[in-house]
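Enquirer: Sequence first, predicted coordinates after that:
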Amino acid sequence: MHAGSGPHDAVSPWVRRWSPLVPAGARVLDVACGGGRHVRWFAERGCAVTAVDRDAAAVEPLRAIARVVVADLEAGAWPLPGETFDAVVVTNYLWRPLLPTIVASVAAGGVLLYETFAVGNETVGRPSNPDFLLRPGELLTAAQGLRVVAYEDGFVEPPPRFVQRLCAVRAVAAAAVPVRYPL
């Protein structure tokens, strides 16, 4: 956690765990970044971060450390057509029509770190609308074409919530020595 942050600004343990797959200097996209906890995390590690969110006031403080794109991802066109990134990070956000675009934004050799709410969460809190809860295995299906390094689907706390988490990479052409993705 960076100085002066509160408990809601803590870096996701999932993102923290898989961050070693994102090298310094990598181009990182944080989708629906909110206040920028992961934007700060990757910027502090020497990455070139692009922060996307619809809340202009929330992302304004990030302009000093990231490329900021203000866009309503659910009502408008994808604001970064054709761009790919060495890492794409999505936490606590689901807009199903955007899933193929998010996966397509992962560059060759890049990583997708995704963590959001799943079915069952309606029994413990918000979100409870099924439009914003992943169905069993849905994140795995969305990531077809990527190599899944790690996947979880279950209940965690605190706070109590049902989540799906994915770490997947876009494989590069076969090499003489296989890429090692440290677990």
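Expert: Looks like it came in fine.
Enquirer: and the helix of greatest length in the chain, which residues are buried?
Expert: Ranked by residue count and defined by DSSP state H, the top helix of the chain is helix 37-44. For helix 37-44, a neighbour-count test (16 or more other C-beta atoms under 10 Å) marks 37-43 as buried. In short, each C-beta sits where N, CA and C put it, glycine included.
Enquirer: Tell me the pLDDT of Leu183.
Expert: If you check Leu183, the pLDDT there is 82.
Enquirer: Same question for Thr116.
Expert: So, for Thr116, pLDDT stands at 97.
Enquirer: how much space between it and Tyr93?
Expert: The gap separating Thr116 from Tyr93 is 6 Å, by C-beta to C-beta, to the nearest Å.
Enquirer: Have a look at the two and say which one is more surrounded.
Expert: For Thr116 versus Tyr93, neighbours defined as other C-beta atoms under 10 Å are more numerous around Thr116 (22 against 19).
Enquirer: Show me what the more buried one bridges to in the sheet.
Expert: Assessed by DSSP bridges, Thr116 has beta-bridge partners Gln164.
Enquirer: ok now do it, which residues does it touch?
Expert: If you count contacts by C-beta atoms under 8 Å, 6 or more residues apart in numbering, Thr116 has them with 90-94, 134, 139, 163-164.
Enquirer: Reformat these as TSV; add secondary structure and pLDDT.
Expert: Shown next, in TSV, are these (DSSP: H, G, I helix; E, B strand; the rest coil; pLDDT from 0 to 100):
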residue	secondary structure	pLDDT
Val90	strand	98
Thr91	strand	97
Asn92	coil	97
Tyr93	coil	97
Leu94	coil	97
Leu134	strand	97
Leu139	helix	97
Val163	strand	97
Gln164	strand	98
